Every structure is written in structure tokens, then in C-alpha cells.
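1. what follows is a predicted structure for the sequence shown.
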Amino acid sequence: MRKTLVIVGAGFSGTVLAANLLRRPPAQGWDLVLIERNSTMGRGVAYAARDFPYLLNVPAGRLSAESGDPHQFLQYAQGRLPNVDGEDFLPRALYGDYLQDMLCRAEREAAANVRLLRVFGEVTGVQRSAGGAQAVQLHDHAPIVADIVILALGNPEAPLPPWAAELRDHSAFRQDPRDLPNTLTAEHSVLIVGNGLTMADAASALSRHADRVPTLHTISRRGVIPKPQTAFHPHALRGSGEVLLAHTHSLRRLLRACRDMAREVEELGGDWREAVAFIRNLAPALWRRLPEVERRRFVRHVHVHWDTFRHRLPPQLMARIETLRRSGKLRVKAGRIQGVIARDHRLQVSWRPRGSEVTSKLTVDLVVNAIGPNYAIERSVDPLLTSLRKAGLVSSDALSLGIRTGGFGACLDAQGRASQTLYYLGPMLRADHLDATAAAELRDHAERLAEHLVGARL
């Protein structure tokens, strides 16, 4: 009997999973229903075609969406840009083209008993129906009955900060950090809230015209920005990681062991990024072994610093950021926003510098929210996540890092039971894996889930 699998989301995770399932058909065959709420499949928000050429933050030679063909993306890119090499940082839109092409190839080469159905629509909920099947509810579309549902949801939207509650419709506020005006001049000023990768993208886009770069201010609690990428060797360090795993009873000792490893690598002529790559591959095991009290310490004190070393900037983007800082056009601040009020067409920001009790004021022509995704599903305003949580079909971890999952991404319900029909694939796997945002990590999760679904003889 044919089975129906519904994949909710056709960004990176959903597209790669669909391609893997098309290449691994079960004996009885199945219908794969790929649902996307945006206008195109295979791109998601990250790899959408935009006016500004946002760059990937991983070099082309390490971005294959198929582990068995590690240079697949590089070869695709070279078909478009013959002079590209594996260390080049290419436009995100090109990667979206590649993902779309990969899905089309997988569909053309699929077995006759597998069918891919594309549906554009907004999924609002999933309901259990008789016989163990599930009804996938859509806005303005008839429900789709499925045997298996995979939530391939990308990064959640950034939350609207409390200080922005009355500014959503103000012309000088941007909740979407990629919805930026192209009319600002050197006489204008901008505040970018957040100091991570999204800030760097926004600063780059806002400074695209060298003759009319506005003054850019950025603010985050600690004022740290990502480190730059280099042409390091990601697989230079090998081994079981026993030295690090032995220290998971204490975050302090684990951090000391990590620093010692990075220092030793550099003393031997290597790059500290080689140590970070090694630690990253161990991150799920380290995270699972840490006691909860140590996990809480990590989230409170270390996570933001880990992110600056883990999620790095392309060299050319880092060079632009440094040029802007040296020229005084980019001013990085550490502190907290106390409030924002409208002053005609401008916004006045009250903020308190880190370590100070004195409130400062800054009036700007534009405020951009670049604080990053909201992984706390209990505070999510997304209709699907809200519906699933209220129904008890998904649950959050104690630290609100994402969605709790069991083996192969099976969703854990409110009682902690692993579902046999509802799975999650995407960056909110970080609840149990800590790191689940890079293409290589999500690709591996997708491949394991596809193999599991085929082997389960659904």
C-alpha cells in the first residue's frame, strides 16, 4: 500500500530530505508532498534571490548537500562561474539555485513508484485522525492526510522586541533585516540591534554605495562580533575526543581543555579554527553529557562567545566591517536598549552601556532588528508551532533552545514520548544537539532520517 509523507517546509532541510527520499524509495512506493509557504521551493529565506548579493559564510568546497559527493556544489558553481575554487565564498542565491537543481534531478531520476507533489500554502496545524494517520491543516487549502509528517522548519522569525511593540509600522523601523532602504546617504544614521552574522549582512547592504555610507551603530549585550573565516583545514584534527569528553562534568574544565587544544594547534603552526571544527563535531556528545546546571551556565555565559568563534564571516565581509570601523562609519556598542520613541520620521533610542548605570540617548533615521531567531517555542507567534505545542505534539527543552527530539528527529510530546509519525528536521534540533545550523550538519541529519524512514517500512 502506498504511503504519504508530508514535508512541511521547502528550504534547505526540506529540499535535501525530499531529494534523499526520492533517491531511496521503499518497495511499496510513496507520495512525497512538499509544502512551502513562500513563492519558491528549494531556497527558504536564507538562499532567496535578492537585489543585494549576500554571501555564504562557508567556502564553496564545503557546502555539498550530499555527503557522498563532497564537491557537488563546487562543481555546480564552476558550471556557472568557471574560475571559482573551493575556498571562494559565493552568493547565497547561487546556493538556492543549486538546491533547486538538486531537487529537480532527484525527481527526474526517481523510481516509478515515487511521486513528488509540490504544494504552496501555509500549514497551520497537524491533527491525529483515525487509524494513526495525520491531517495536515492548511490555510485556504483542503487538509492533506499523511502517514508521516516531517517538520522541516527553518530558523524561526526574530521576535519583536518589547521596545518595538509600537514601532512595527513606523517607517524608520525594520523588523526584517533584509528589508532595507536603498535611499540612505552619508547624512543619515542607522542603529542595527544585534552583533552577529545578520548584523554584518545588514551593515554590508547598507554600505553598498561607497560615496553615501550612513553612520552605522550596532548594539548587543556584550558587543562581540563574529570572527573571520580563513583557508584552514577542517579535518586537520582527528580522534575520539576522549580528552574533552572526560571533562563534561564541569563546564569550567571543559572550556579549559578546549582552549588548551586551540593553543596547542596554533603552537604547532595550525589554525585555531581547526580546533573549533573538531569541537563542533563533538558538540552533540558533549552537550548530552553536560549536567543541566552546567548547560545553564553555558547558555548564560559562554554561548554568545562560542557563536562568535563557531559562526564566522567571509574574509571579504570581515574586511568591509573592519574598514567601516576604522573610518568611524561603524560603531559597535555593548549595552541594553531601555526604550525607543518616535521623533517625527526618526527614532530616539535610550540605551544603557554595559557596566554603566547611566542611560544614553541616540537618535537615528533607521532601526534594524537583527537580534536573530526566537528558538523558544513557548513564546513563538508562528501559528503552526503554537498549534503543535498547545496540542502537546511538540515540546521545548528546559533551556528553550528548540524542539525536543528523540532518535532520527522524532518529536517528543508533552509527556516526553517519541512520536512514530511526527519528525522534526532543522536548526531547532539544537535543543538536543547544541549545533544544528550548518549545511553539513543538517545534511547529515536529513540523510539519517531518510534512511530511517525507508528502513522502517512505513
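-> Arrived safely, thanks for sending.
2. distance check, Tyr423 against Ser387.
-> 17 Å (C-beta to C-beta, to the nearest Å). In this view, the C-beta of every residue, glycine as well, is placed from N, C-alpha and C.
3. looking at these two, which is more packed in?
-> Tyr423 (25 against 17; other C-beta atoms under 10 Å).
4. for this protein, what's the longest strand?
-> strand 330-343 (DSSP state E).
5. what packs against that one?
-> The helices and strands touching strand 330-343, judged by 3 or more C-beta pairs under 8 Å, 6 or more residues apart in numbering; DSSP states H and E, are strand 215-220, helix 315-327, strand 346-353.
6. swap in 10 Å and give it another go.
-> Contact analysis of strand 330-343 by 3 or more C-beta pairs under 10 Å, 6 or more residues apart in numbering; DSSP states H and E lists strand 189-193, helix 197-206, strand 215-220, helix 315-327, strand 346-353, strand 360-364 as its packing neighbours.
7. now it: buried residues?
-> For strand 330-343, the neighbour count (16 or more other C-beta atoms under 10 Å) marks 330, 332-335, 337, 340 as buried.
8. between these, which is closest to His233?
-> Val332 (30.5 Å; C-beta to C-beta).
9. for that closest one, list each beta-bridge partner.
-> Thr218 (DSSP bridges).
10. what about the protein, any weak spots by pLDDT?
-> 130, 457-458 (pLDDT under 70).
11. that one: helices as residue ranges?
-> 12-23, 72-80, 92-108, 197-206, 242-245, 251-267, 272-289, 292-297, 303-310, 315-327, 383-390, 430-433, 439-455 (DSSP state H).
12. deepest of those helices, which one?
-> helix 12-23 (a mean of 26; mean count of other C-beta atoms under 10 Å).
13. so what does that helix touch, helix or strand wise?
-> Judged by 3+ C-beta pairs under 10 Å, 6+ apart, the packing partners of helix 12-23 are strand 3-8, strand 30-36, helix 92-108, strand 114-120, strand 148-151, helix 439-455.
14. of the ones you listed, which is nearest Asp201?
-> Nearest of these (C-beta to C-beta): helix 92-108, 9.3 Å.
15. quick one: Gln137 and Thr124 touch, right?
-> Yes - judged on C-beta atoms under 10 Å, Gln137 makes contact with Thr124 at a distance of 5.0 Å.
16. which residues do the two both contact?
-> In terms of C-beta atoms under 10 Å, 6 or more residues apart in numbering, Gln137 and Thr124 are both contacted by the residues 383-384, 387.
17. mind putting the helices and strands packed on strand 330-343 in CSV, distance to Leu117 included?
-> Shown next, in CSV, are these (distance: least, C-beta to C-beta, whole Å):
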stretch, distance to Leu117
strand 189-193, 41
helix 197-206, 34
strand 215-220, 43
helix 315-327, 39
strand 346-353, 46
strand 360-364, 47
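18. mind checking which of these is nearest Phe52?
-> Among the helices and strands packed on strand 330-343, if distance is taken as C-beta to C-beta, the winner is helix 197-206, at 4.6 Å.
19. how far is that closest one from where the chain is centred?
-> From the chain centre to the centre of helix 197-206 is a distance of 16 Å (C-alpha atoms, centre = their mean, to the nearest Å).
20. and what of stretch 403-416?
-> Counting by C-alpha atoms, centre = their mean, stretch 403-416 comes out at 20 Å from the chain centroid.
21. can you check stretch 65-82 too?
-> With C-alpha atoms, centre = their mean, you get 21 Å for stretch 65-82.
22. and it, end to end?
-> Start and end residues of stretch 65-82 are separated by 20 Å (C-alpha to C-alpha, to the nearest Å).
23. what does that stretch rub up against?
-> By C-beta under 10 Å, 6+ apart, stretch 65-82 touches 12, 15-16, 19-20, 23, 56, 58-64, 84-88, 90-91, 94-95, 97-99, 101-103, 106, 439-440, 442-444, 446-447.
24. same deal with stretch 348-357?
-> So stretch 348-357 is contacted by 163, 191, 193, 217, 219-223, 333-342, 358-364, 367 (C-beta under 10 Å, 6+ apart).
25. out of the buried residues of strand 330-343, who's nearest Glu242?
-> Ala334 (37.4 Å).
26. quick one: residues contacting that closest one.
-> Neighbours of Ala334 in contact, by C-beta under 10 Å, 6+ apart: 195, 218-224, 353-356.
27. how about a cut-off of 8 Å?
-> By C-beta atoms under 8 Å, 6 or more residues apart in numbering, the contact set of Ala334 is 219-224, 353-354.
28. so how far is Gly196 from the residue nearest to it when sequence neighbours are not counted?
-> Of all residues not flanking Ala334 in the chain, Gly223 sits nearest, at 2.7 Å (C-beta to C-beta, 6 or more residues apart in numbering). Using C-beta to C-beta, we find Gly223 at a distance of 12 Å from Gly196.
29. who has more neighbours out of those two?
-> Taking other C-beta under 10 Å, Gly223 and Gly196 do not tie; Gly196 has more neighbours (20 against 14).
30. for the more buried one, give me phi and psi.
-> Phi and psi for Gly196, reported as degrees, to the nearest 10, are phi -100, psi -150.
31. how many other residues sit next to the residue lying closest to it once chain neighbours are set aside?
-> Among residues not flanking Gly196 along the chain, Gly372 sits closest, at 5.8 Å (C-beta to C-beta, 6+ apart). By other C-beta under 10 Å, the residues close to Gly372 number 19.
32. from what I see, Gly372 and Thr198 are in contact.
-> Yes - the pair Gly372 and Thr198 qualifies as a contact (C-beta atoms under 8 Å) at a distance of 6.1 Å.
33. how does the protein divide into domains?
-> Listed domain ranges for the chain are 3-157+374-455, 162-227+312-369, 242-310 (source: automatic domain parsing).
34. can I get those domains in CSV with distance to Ala236?
-> Supplementary listing: those in CSV, determined by distance: least, C-beta to C-beta, whole Å:
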stretch, distance to Ala236
domain 3-157+374-455, 13
domain 162-227+312-369, 16
domain 242-310, 4
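35. nearest to His233, of the ones you listed?
-> Of the domains of the chain, nearest to His233 by C-beta to C-beta is domain 242-310, at 6.0 Å.
36. how long is the closest one end to end?
-> 21 Å.
37. separation between Ser204 and Gln316?
-> Taking C-beta to C-beta, one finds Ser204 at 9 Å from Gln316.
38. what does Ala414 give?
-> 47 Å.
39. then Leu90?
-> Relative to Gln316, and taking C-beta to C-beta, Leu90 is found at 11 Å.
40. now do the shared contacts for these two.
-> Joint contacts of Leu90 and Gln316 (C-beta under 8 Å, 6+ apart) are Leu55.
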